[in-house]
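1. sequence unavailable; structure follows:
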Ligand SMILES: Nc1ncnc2c1ncn2[C@@H]1O[C@H](COP(=O)(O)OP(=O)(O)O)[C@@H](O)[C@H]1O
Ligand SMILES: Cc1cn([C@H]2C[C@H](O)[C@@H](COP(=O)(O)O)O2)c(=O)[nH]c1=O
Ligand SMILES: [Zn+2]
């Protein structure tokens, strides 16, 4: 991917819609750091108990051990002094203080890898992602496949009736959609699909 600098820290942001592969990419980067014998810790907000209370779990069921925390500042308490890499999933669920936490870690020489939703179900920027993306050295935007038309999807369609910004959920509650098929209010799900290679 990048020619990584030596002896300094930095922030990587992996953003995109739901089902775009953010968690898979976070897991991939963390595993490669572990293969490189780096000292790594992974965190997620405690509110994300969707597939598991403690593990980071992708929609494709890849898993990674993590520490759930209530607030971003708690991350400092769980880091060994020789920490080299910090991964954070579902970063959009932390308040704005997560930006200062990531910055402080990067200033201390830590590689910080954050994955999070860049837009909410209405297509509005999901704070603190815009702020984090602004200060990050590297930003990767992933795209899913639109559940309606098959085009690249950068939005998350809510398919249950709630107007709250934060509603933890997965396939029963959201589906990925392109800008043409997305509507900013909750709507009916597209017909279910089975993946098959041969008829
Ligand atoms: N419409 C879709 N487009 C792309 N991937 C999908 C779709 N529906 C389900 N998936 C699954 O979601 C996986 C990505 O999961 P994950 O990394 O958890 O995404 P994210 O963290 O961005 O929500 C894909 O590898 C695929 O198995
Ligand atoms: C669009 C949107 C999503 N959420 C929730 C739903 C999930 O629990 C997470 C996103 O998980 P993923 O790893 O990106 O699939 O966020 C929400 O609370 N509000 C929204 O508007
Ligand atoms: Zn579409």
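-> Nice, I can see it. Keep in mind it's a predicted model, so treat the numbers as computed, not measured. Residues are numbered from 1 along each chain as shown. Ligands and ions are numbered 1, 2, ... in the order given.

2. what does the protein put close to ligand 1?
-> Taking CB under 6 Å from any ligand atom, the part of the chain that reaches ligand 1 is made up of 16, 18-24, 58-60, 142, 144-145, 147, 176. The C-beta positions use only the backbone N, C-alpha and C, and glycine is treated the same way.

3. ligand 1 versus the nearest residue to residue 160 once chain neighbours are set aside, what's the distance?
-> In space, and not counting its chain neighbours, residue 160 is closest to residue 173: 4.9 Å by CB to CB, 6 or more residues apart in numbering. Counting by CB to the nearest ligand atom, to the nearest Å, the separation of residue 173 from ligand 1 is 12 Å.

4. low-confidence ranges in the protein?
-> Applying pLDDT under 70 to the chain picks out residues 1-4.

5. would you map the strands across the chain?
-> Ranges of strands in the chain, per DSSP state E, are 10-16, 40-45, 56-57, 63-64, 67-69, 85-88, 111-117, 138-142, 144-145, 152-153, 155-158, 174-177.

6. hmm, the fifth one touching ligand 2?
-> No. Contact between strand 67-69 and ligand 2 is absent, the nearest approach being 13.5 Å (criterion: CB under 6 Å from any ligand atom).

7. partner strands of that strand, parallel or antiparallel?
-> strand 40-45 (parallel) (DSSP bridges).

8. just want the angle from the partner strand to strand 111-117.
-> Interaxial angle, strand 40-45 versus strand 111-117 (axes from the mean of the first three to the mean of the last three CA atoms, to 10 degrees): 30 degrees.

9. count the residues that sit near residue 5.
-> 10 (other CB atoms under 10 Å).

10. dump the strands of the chain to JSON lines, plus mean neighbour count and distance to residue 168.
-> As requested, those are arranged in JSON lines below (neighbours: other CB atoms under 10 Å; distance: least, CB to CB, whole Å):
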{"stretch": "strand 10-16", "mean neighbour count": "24", "distance to residue 168": "18"}
{"stretch": "strand 40-45", "mean neighbour count": "22", "distance to residue 168": "10"}
{"stretch": "strand 56-57", "mean neighbour count": "23", "distance to residue 168": "13"}
{"stretch": "strand 63-64", "mean neighbour count": "17", "distance to residue 168": "18"}
{"stretch": "strand 67-69", "mean neighbour count": "17", "distance to residue 168": "13"}
{"stretch": "strand 85-88", "mean neighbour count": "25", "distance to residue 168": "17"}
{"stretch": "strand 111-117", "mean neighbour count": "26", "distance to residue 168": "12"}
{"stretch": "strand 138-142", "mean neighbour count": "16", "distance to residue 168": "20"}
{"stretch": "strand 144-145", "mean neighbour count": "18", "distance to residue 168": "18"}
{"stretch": "strand 152-153", "mean neighbour count": "20", "distance to residue 168": "20"}
{"stretch": "strand 155-158", "mean neighbour count": "26", "distance to residue 168": "12"}
{"stretch": "strand 174-177", "mean neighbour count": "25", "distance to residue 168": "10"}
